[in-house]
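> please find the sequence and the predicted model below.
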Amino acid sequence: MATDHIVRSFDEDLLRLSDLVSRMGGMAEHQLDKAINALQTRDSALAEEVIVADPRIDALQYEIEELALRMIALRQPMAADLRETVSALKIAPLIERIGDYAKNVAKRAIALNQIPPVKPLFTIPRMGRMVREMLKDVLDAFANQDIDKAREVWLADEEVDEMHDSLFREMLTYMMEDPRNITPCTHLLFVARNIERMGDLATNVAEVIHFQVTGKPLGGERPKVDDASITIIDTK
């Protein structure tokens with residue numbers, strides 16, 4: 001009976017750990033959505049909400065790490081149970097970083113609201129929605145231990161990178177056309193970079209999920225497009 005009680009208690013801890021990760025991920029997804037909306041609608045109040053809410057994600061990370069470490073120390077899990085516990089430890093800081101990047105986007109939105117807008121931009125909201133969908137899918141993959149969906153997220157990052165590179169070239173063109181565009185375009189470049197990094201982090205979560213379920217790394221080299229760092233603009 002004592003053994004049954006220990007097993008049941010450990011299963012309850014695993015379920016709680018999974019729920020905490022899902023809650024944390026859901027909060028980060030919501031933060032990203034609000035930050036993009038704040039940027040698109042020039043809503044500083046909404047951006048402030050994102051900034052103020054960030055410590056809640058940090059608190060959940062601490063709770064996840066505390067529970068996972070206690071489970072490892074007291075339960076000494078093995079095999080699949082150990083991988084599930086360690087996965088939560090790995091995923092929590094990745095989600096926390098996504099929350100930080102969403103906060104950074106919100107801060108840039110507030111700064112952009114202090115200056116005249118540049119030409120209408122559609123790529124950044126599209127990037128944001130795509131990364132938000134990646135985050136949603138990878139959280140579903142975590143909840144359902146779905147390695148096929150995790151791999152789909154892993155592969156989807158290539159399109160986000162391509163959009164980022166296209167936007168980079170577009171912003172450089174705007175800045176060369178009119179020096180007054182330099183400040184807003186610089187803010188937007190930072191926004192795009194933050195969103196692109198969130199996509200990278202979602203793929204990192206996908207890799208953790210794959211290892212959790214299979215005990216093997218996700219095969220192949222992750223597609224990574226980064227032409228922005230070597231882009232040359234012809235000014236002739």
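Cool, the structure landed. Numbering: from 1, shown residues only.
> helix or strand: which one has Ile115?
Using DSSP states H and E, Ile115 sits within no helix or strand.
> next one: Ala53
Per DSSP H and E, Ala53 falls inside helix 44-75.
> now for that helix, which elements pack on it?
helix 2-41, helix 79-112 (3 or more Cβ pairs under 8 Å, 6 or more residues apart in numbering; DSSP states H and E). Quick note: C-beta positions are derived from backbone N, CA and C, even for glycine.
> as TSV, those helices with mean pLDDT would be great.
TSV is the format used below for the helices and strands packed on helix 44-75 (pLDDT from 0 to 100):
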stretch	mean pLDDT
helix 2-41	87
helix 79-112	95
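> so which of the ones you listed is the most packed in?
Highest mean neighbour count of these: helix 79-112, a mean of 21 (counted as mean count of other Cβ atoms under 10 Å).
> tell me the helices and strands packed up against it.
Under the contact criterion of 3+ Cβ pairs under 8 Å, 6+ apart, helix 79-112 touches helix 2-41, helix 44-75, helix 123-144, helix 182-214.
> show me which positions of the third one end up buried.
Which is helix 123-144. By 16 or more other Cβ atoms under 10 Å, the buried positions in helix 123-144 come out as 123-124, 126-128, 130-132, 134-139, 141-142.
> and if you look at stretch 164-173?
By neighbour count on 16+ other Cβ under 10 Å, the buried set for stretch 164-173 is His164, Asp165, Leu167, Phe168, Glu170, Met171, Leu172.
> now do Asn181 against Glu49, distance only.
With distances taken as Cβ to Cβ, to the nearest Å, Asn181 is found 28 Å from Glu49.
> looking at these two, which has the bigger crowd around it?
Asn181 (18 against 15; other Cβ atoms under 10 Å).
> the more buried one reaches Thr173, doesn't it?
No - proximity of Asn181 to Thr173 does not meet the contact threshold set by Cβ atoms under 8 Å, at 9.4 Å.
> so what's the nearest residue to Val105 once chain neighbours are set aside up against?
Leaving out its chain neighbours, the residue that sits closest to Val105 by Cβ to Cβ, 6 or more residues apart in numbering is Ala35, at 4.1 Å. By Cβ atoms under 8 Å, 6 or more residues apart in numbering, Ala35 lies in contact with Ala47, Val50, Ala102, Lys103, Val105, Ala106, Ala109, Gly128.
> count the neighbours of the residue nearest to Gly199 when sequence neighbours are not counted for me.
Excluding the flanking residues, the one nearest Gly199 by Cβ to Cβ, 6+ apart is Val160, at 4.0 Å. Neighbour count of Val160, defined by other Cβ under 10 Å: 25.
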